[in-house]
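[1] Next one to model:
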Amino acid sequence: MRVIKKPIAVKAEIYKLGMEDGFIDGKPYIETLEGKHFIGKGDYVITGVKGERYPIKPDIFKETYSILK
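    As a prediction, this is how the structure comes out:
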């Protein structure tokens, strides 16, 4: 079966210091539904419809998301 993901608007921000949930060995991370994920300069932080957050690399963001006007 092939499917297509429903278009749902989510919040996207470029990571900046202070958005992380903590640090491990000096590397920032955010808590996601799957556990801790490291984030870095230029990464996007996506906030989903239920407030869940996850990081996404800039190249994947540009291929996957369109900015709404």
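[2] hang on, Ile14 packs against Ile39?
    No - using C-beta atoms under 8 Å, Ile14 is not in contact with Ile39, being 10.2 Å away. Heads up, the C-betas are built off the backbone N, CA and C, glycines and all.
[3] Between those two, point out the one with more neighbours.
    Neighbour count, other C-beta atoms under 10 Å: between Ile14 and Ile39, Ile39 has more, with 21 against 12.
[4] do you know how far the more buried one is from Val3?
    29 Å (C-beta to C-beta, to the nearest Å).
[5] Check Gly35 too.
    26 Å.
[6] Could I get the average pLDDT for the strand ranked longest in the chain?
    Longest strand in the chain, counting residues (DSSP state E): strand 27-32. Regarding strand 27-32, the rounded mean pLDDT is 97.
[7] Can you give me the buried ones in it?
    28-30 (16 or more other C-beta atoms under 10 Å).
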